[in-house]
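A.B. asks: From the sequence below, what's the structure:
(chains A and B)
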Amino acid sequence: MIEAEGLSKRFGDVQALEDASFCAADGRITGLLGHNGAGKSTTLRILSTVLRADQGRARIDGHDCALAPLEVRRLLGVLPHASGLYAHLTGRENIHYYARLHGMTKAHAKRAAGELIERLGLDEVADRRTKGYSQGERLKVALARALVHRPQTIILDEPTNGLDVNAVRMLRELLRELRAAGRCVLFSSHVMQEVAALCDHVVIIAHGRVVMSGTPAGILASSGAHDLEEAFVRAAAGEARR
Amino acid sequence: MMRAVCTVFLKEILENLRDRRVILSAFIFGVLLAPVVFAIAASILSKRAVDTLDKPLELAVAGGDHAPNLLAFLLENGVEVKKVELSAEQAADAVRNGEHDFVLLIEEQYVRELAAGSPAPAHLVMDSANSRTTAGAERAQRLLEAYGSQLAALRLMARGVSPDVVRPLDVRTLDVATPAGRALLLLGVMTYFCFMSMLAGGFYLAIDTTAGERERGSLEPLLSLPVSRASLIVGKMLATAAFMSISLLLTLAAFGVVLAFIPLEALGMSANFGLRVILGMFLVMLSFVPLGVGLMTVAASFARSNREAQSWLSAVMFLPIAPIMFAVVSGTKPSTALMAVPSLSQHLLATSLMRGDEIPPVHALVSASTTLAAGGLLVWLAVRLYRREAILG
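C.D. replies: Numbers count the residues shown, from 1 in each chain, chains lettered A, B, ... in the order given. Below is the predicted model of the structure:
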């Protein structure tokens, strides 16, 4: 469960985020939709406690991101937009490293990494260095790394960027599985179809403000648009005019 | 906290041991290159010095028939006289094109002037730009002057005057340099090489800590783990320190091996470079490791990219090396005040160890405490900088 209330963040002269509030519930996939530079990454970085909001507060399962960052990070699984694997380590070692940093014992970390490798079909490549991995394999390792401690809340920043069709499919399936298991999934995207295909709840963000949120059907109804793309463009344009 | 530091440390060690670029720069280039270059330079230097001292002086003499007594004197002093037939121009050409190292030219009027008791002309044709032959030319010149003084003394005595009249000063030089001391200029360069390879050992790790992780996109997920940023960076800096220490130890060991094969004794030098001295130098320079780690990590954390960090660090590496270069050239002597200067104090202490000089305990104490304190400060600064939001770039 993610609760954001009135988040604001400023970088120098740029107001990256202004009074952004939204909610992402357990057992649902929530999409954070917006153009490049709309404030999606900033929002996710505040939630993952890497950045601190200037104003407002964010809570993950009731823990304040600014006041109890270590507790929040324990509950979170984060997939940033660059996979960020260590090229000289094998896939298994990459996952194991994160498991250990989550405080697992060696045996526990080994077991958890092994399970995810099997689940994601990485057996064949898991003991090779990640230098030679394909995009899909990289994503799988990055996902396994984010999920190794079985987090209740999962945050993904533009996860489908630069992926081929198969990898996107695999990712969608996995996210649906997580939803079925009652986890809270929040992902950002600037691709409409993606959000429409997957999300139960959509938060549209433009120029650092949340301009609309609700179910895909609800958003269509309230904006009077034919499809989500139209609604998104109208909402973003409306914000720009203000 | 400790477990996270340990996990990060072990991962960094593993990852970097697998990186060929790191291995090459930390354990191959720095460690082997410096001693090898040093060995080649030193053996050429010492070989040349030995050669010129031992080889009999070869002197081409044109018109030697005019001065049989001079030739006899030269032969007596171990000169290999080679009689040649050359005019003044031909002699100059022969020296210029290297056919002869130098030529002694005696003209006909030599006999006349000598008999008349006025200065008899003898020309030594030499090339002062040729460093290979200058030592020989100086020896020839000295011998000629000695012959001249001998003649002068004889003439004075023939006139009933003591030769001491024209020798108001009796200059005698006493060389007090110990053999190890004479090797010092050569060995002083060694601490410079040691510092270079020590810093090179941690170069890529220090960059990777901030700029490298950021560029690979692995910094953000790392920072969203339930581990304090202090443990992350301390683990990374410990790994950097470990690589630097190993580079340093390997370099010293390589020097130990190389110096065993250099004929320093033939130069009248002796290198005091046993196992004890190597270990002592290692301990002395080890105190600089935290400062080196802190300095490089801080510099790299300001860089926006890997490449920028590399340029920054290449420049920063010369900060600790500059005082050493200065000290080597100017022959700075150890003092308590200088012991407060990091890198310079390690250089002076290491040099004392090699000379076999006794090190005052206060020197060791001041050097270690100031260097470690400065190192601690920089490490603290690196941790502080790692906590900034801007570290994400």
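A.B. asks: drop to CA atoms for contacts and neighbour counts, all remaining ones
C.D. replies: OK.
A.B. asks: what about the helix or strand residue A:45 falls within, average pLDDT?
C.D. replies: For residue A:45, the host element (DSSP states H and E) is helix A:40-47. For helix A:40-47, the mean pLDDT works out to 93.
A.B. asks: Over to stretch B:312-324?
C.D. replies: 89.
A.B. asks: how long is that stretch from one end to the other?
C.D. replies: End-to-end distance for stretch B:312-324: 20 Å, by C-alpha to C-alpha, to the nearest Å.
A.B. asks: what sits up against it?
C.D. replies: By C-alpha atoms under 8 Å, 6 or more residues apart in numbering or on different chains, the residues outside stretch B:312-324 that reach it are B:191-192, B:195-196, B:199, B:203, B:295-296, B:299-300, B:303, B:342-344, B:347.
A.B. asks: Of those residues, just say which sits nearest to residue B:217.
C.D. replies: residue B:303 (15.0 Å; C-alpha to C-alpha).
A.B. asks: phi, psi of that closest one?
C.D. replies: Backbone geometry at residue B:303, expressed as degrees, to the nearest 10, gives phi -80, psi 150.
A.B. asks: How much space separates the closest residue in space to it that isn't next to it in sequence from residue B:217?
C.D. replies: Once flanking residues are discounted, residue B:303 sits nearest to residue B:309: 5.0 Å by C-alpha to C-alpha, 6 or more residues apart in numbering or on different chains. Distance, residue B:309 to residue B:217, using C-alpha to C-alpha: 16 Å.
A.B. asks: Around chain B, which positions in chain A sit nearby?
C.D. replies: Residues of chain A lying close to chain B (C-alpha under 8 Å from any C-alpha of the partner chain) are A:48-51, A:69-74, A:78-80, A:82-86, A:88-89, A:97-98, A:100-103.
A.B. asks: Narrow these to those in helices?
C.D. replies: A:69, A:70, A:71, A:72, A:73, A:74, A:97, A:98, A:100, A:101 (DSSP state H).
A.B. asks: any low-confidence regions in the stretch 51-200 of chain B?
C.D. replies: B:51-54, B:173-187 (pLDDT under 70).
A.B. asks: Pick out the residue of chain B closest to chain A.
C.D. replies: Per C-alpha to the nearest C-alpha, residue B:218 is where chain B lies closest to chain A, at 3.8 Å.
A.B. asks: What is the burial count for that residue?
C.D. replies: 18 (other C-alpha atoms under 10 Å in any protein chain shown).
A.B. asks: Kindly report the same for residue B:130.
C.D. replies: Around residue B:130 there are 12 residues (other C-alpha under 10 Å).
A.B. asks: Check residue B:101 too.
C.D. replies: 21.
A.B. asks: ok and the residue in chain A nearest chain B?
C.D. replies: For chain A, C-alpha to the nearest C-alpha, closest residue to chain B: residue A:84, 3.8 Å.
A.B. asks: what residues are up against the residue nearest to that residue when sequence neighbours are not counted?
C.D. replies: Of all residues not flanking residue A:84 in the chain, residue B:218 sits nearest, at 3.8 Å (C-alpha to C-alpha, 6+ apart). Counting by C-alpha under 8 Å, 6+ apart, residue B:218 touches A:82, A:83, A:84, A:85, A:86.
A.B. asks: With distance to residue A:109, neighbour count and pLDDT added, can I get the residues you listed in CSV?
C.D. replies: Shown next, in CSV, are the contacts of residue B:218 (distance: C-alpha to C-alpha, whole Å; neighbours: other C-alpha atoms under 10 Å in any protein chain shown; pLDDT from 0 to 100):
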residue, distance to residue A:109, neighbour count, pLDDT
A:82, 24, 20, 78
A:83, 20, 21, 78
A:84, 20, 23, 88
A:85, 18, 25, 93
A:86, 18, 19, 94
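A.B. asks: Quick check: residue B:301 touching residue B:385?
C.D. replies: Yes. Assessed by C-alpha atoms under 8 Å, residue B:301 is found in contact with residue B:385 at 7.3 Å.
A.B. asks: Pick out whichever of those two has more residues nearby.
C.D. replies: The residue with more neighbours, out of residue B:301 and residue B:385, is residue B:301; 25 against 17, by other C-alpha under 10 Å.
A.B. asks: just the helices in chain A please.
C.D. replies: Under DSSP H, chain A gives helices at A:40-47, A:69-75, A:91-101, A:106-119, A:135-147, A:165-180, A:192-198, A:216-223, A:228-241.
A.B. asks: which of those helices has the lowest average pLDDT?
C.D. replies: helix A:228-241 (a mean of 72).
A.B. asks: Off-centre distance for it?
C.D. replies: Helix A:228-241 has its C-alpha centroid displaced from the chain centroid by 23 Å (C-alpha atoms, centre = their mean, to the nearest Å).
A.B. asks: and for it, what are the contacting residues?
C.D. replies: A:192, A:196, A:204-207, A:211-212, A:216, A:219-220, A:223-225.
A.B. asks: Apply 7 Å and report the result again.
C.D. replies: A:192, A:206, A:211, A:220, A:223, A:225 (C-alpha atoms under 7 Å, 6 or more residues apart in numbering or on different chains).
A.B. asks: what about the fifth one, distance to residue A:147?
C.D. replies: With distances taken as C-alpha to C-alpha, residue A:223 is found 36 Å from residue A:147.
A.B. asks: Which one's more surrounded, these two?
C.D. replies: residue A:147 (23 against 16).
A.B. asks: center of chain A - which residue?
C.D. replies: Per C-alpha atoms, centre = their mean, the C-alpha nearest to the average position across chain A is that of residue A:156, at 1.8 Å.
A.B. asks: what about that one, distance to residue B:41?
C.D. replies: 59 Å.
A.B. asks: cool, residue A:10 as well?
C.D. replies: 59 Å.
A.B. asks: what's the first-to-last distance across stretch A:129-143?
C.D. replies: Across stretch A:129-143, first to last residue, C-alpha to C-alpha, it's 17 Å.
A.B. asks: picking that back up, from memory the residue of chain A closest to chain B sits against residue B:217, does it?
C.D. replies: Yes. Applying C-alpha atoms under 7 Å as the test, residue A:84 and residue B:217 come out as touching, 4.3 Å apart.
A.B. asks: doesn't residue A:93 make contact with residue A:126?
C.D. replies: No. Under the criterion of C-alpha under 7 Å, residue A:126 is not in contact with residue A:93, lying 8.4 Å apart.
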